[in-house]
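# Predicted model follows, preceded by the sequence.
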Amino acid sequence: MERRGRKRGSGAGNAGMGDGFLMEVCVDSVESAVNAERGGAGRIELCAGLMEGGTTPSMGLLQVVKQCVRVPVFVIIRPRGGDFLYSDRELEVMKADIRLAKLHGADGLVFGALTEDGRIDTELCTALLAVCRPLPVTFHRAFDMVHDPLVALETLVSLGFERVLTSGCDSSALEGLPLIKRLTEQAKGRIVVVPGGGITERNLQRILEGSGAPEFHCSARSARDSAMKFRNSSVAMGASVSVSEYSLKVADVAKVRTLNAIAKNIL
């Protein structure tokens, strides 16, 4: 049902709002994007490398996803894993990726950048926002690494971000729930605070009711065994601690549907 009296933020990506809370699902494949939409996602965050927390996807992936789904697709702009302190050359890469993402149909962009002392990098963000417009922009979970989240929120509002994704600067949105609630109250509709990080069917209701947030972010993935019949178990393509090449993580239609149903039933 529609939750009245709450400003939901401007820009594209408000599909599904008439049904209550908006569910954003982060995906790193066409299959996951299609499953997310089938399960009721109102928006997709498109990434590569979800095991690293999400990096910039290929433009080929964006192009095919846009051909296969109708819900808004927000594209993460993150040139590498690791911290959010970026060099001048990395800034140029991010600008180029934003231009290409817009060219290939992105409905919104997602990025974040910090200074070495854990504050929002206003100079870099201003430069990137200028390239992103007129599309809506989300500041991603780099927010969870800031020195002072309440000050950082005001910085994001002044810069003009439409949304901020956060686990409440804790290991999961459930653990960070008190701060997410405080941020939502402080935002007063000027920016949408989107809880994300470890959201499952077991904790979603508590997070939404406890935070007052109008949207939420999840991956809703399940492991699926590879279809490969011949397997060389002595070789790994990534680091030695990496997940097996023969186990694929894919957005699960049933999980997405369950989360969507929970959100719809909250008054």
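The structure has been received and is ready for your questions.

# Where does pLDDT dip in the stretch 101-250 of the chain?
Along the stretch 101-250 of the chain, segments meeting pLDDT under 70 span 239-243.

# all strands for this structure, in order.
For the chain, the strands defined by DSSP state E cover 22-27, 43-46, 73-76, 108-111, 137-139, 163-166, 192-195, 215-218, 221-225, 247-251.

# Dump these to CSV, plus distance to residue 235 and mean neighbour count.
Just so you know, the C-beta spots here come from the backbone N, C-alpha and C atoms, and that holds for glycine as well. Formatted as CSV, the strands of the chain follow (distance: least, CB to CB, whole Å; neighbours: other CB atoms under 10 Å):
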stretch, distance to residue 235, mean neighbour count
strand 22-27, 27, 27
strand 43-46, 29, 27
strand 73-76, 29, 26
strand 108-111, 34, 24
strand 137-139, 38, 27
strand 163-166, 36, 28
strand 192-195, 39, 28
strand 215-218, 33, 24
strand 221-225, 18, 13
strand 247-251, 15, 17
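
# Which one, of those strands, ends up nearest to residue 201?
Closest to residue 201 of the strands of the chain, according to CB to CB: strand 215-218, at 9.5 Å.

# Show me what the closest one is packed up against.
strand 22-27, strand 192-195, helix 204-211 (3 or more CB pairs under 8 Å, 6 or more residues apart in numbering; DSSP states H and E).

# what do you get if the cut-off is 6 Å, keeping everything else the same?
Here strand 215-218 touches strand 192-195, going by 3 or more CB pairs under 6 Å, 6 or more residues apart in numbering; DSSP states H and E.

# by contact count, what packs against the strand it packs on?
On a contact count with 3+ CB pairs under 6 Å, 6+ apart, strand 192-195 meets strand 163-166, helix 177-187, strand 215-218.

# List the neighbouring strands of the first one plus their orientation.
According to DSSP bridges, strand 163-166 forms sheet pairs with strand 137-139 (parallel), strand 192-195 (parallel).

# Rebuild these as a markdown table, extending it with distance to residue 251.
Formatted as a markdown table, the strands paired with strand 163-166 follow (distance: least, CB to CB, whole Å):
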| stretch | distance to residue 251 |
| --- | --- |
| strand 137-139 | 19 |
| strand 192-195 | 18 |
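
# how about the helices in the stretch 1-150 of the chain?
Along the stretch 1-150 of the chain, counting by DSSP state H, counting those that start in this stretch, helices occupy 30-39, 59-68, 88-103, 122-132, 149-159.

# Output those helices in TSV; the columns should cover distance to residue 195 and mean neighbour count.
Supplementary listing: the helices of the stretch 1-150 of the chain in TSV, determined by distance: least, CB to CB, whole Å; neighbours: other CB under 10 Å:
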stretch	distance to residue 195	mean neighbour count
helix 30-39	17	21
helix 59-68	24	16
helix 88-103	25	16
helix 122-132	22	17
helix 149-159	13	17
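
# want to throw the ones you listed into a markdown table with distance to residue 223?
Converted to a markdown table, those look like this (distance: least, CB to CB, whole Å):
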| stretch | distance to residue 223 |
| --- | --- |
| helix 30-39 | 13 |
| helix 59-68 | 21 |
| helix 88-103 | 29 |
| helix 122-132 | 34 |
| helix 149-159 | 33 |
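
# wait, which of those is closest to residue 237?
helix 59-68 (18.3 Å).

# who does the closest residue to residue 143 other than its chain neighbours bridge with?
Computed as CB to CB, 6 or more residues apart in numbering, the closest residue to residue 143 that is not its neighbour in sequence is residue 166, at 4.9 Å. Judged by DSSP bridges, the bridge partners of residue 166 are residue 195.
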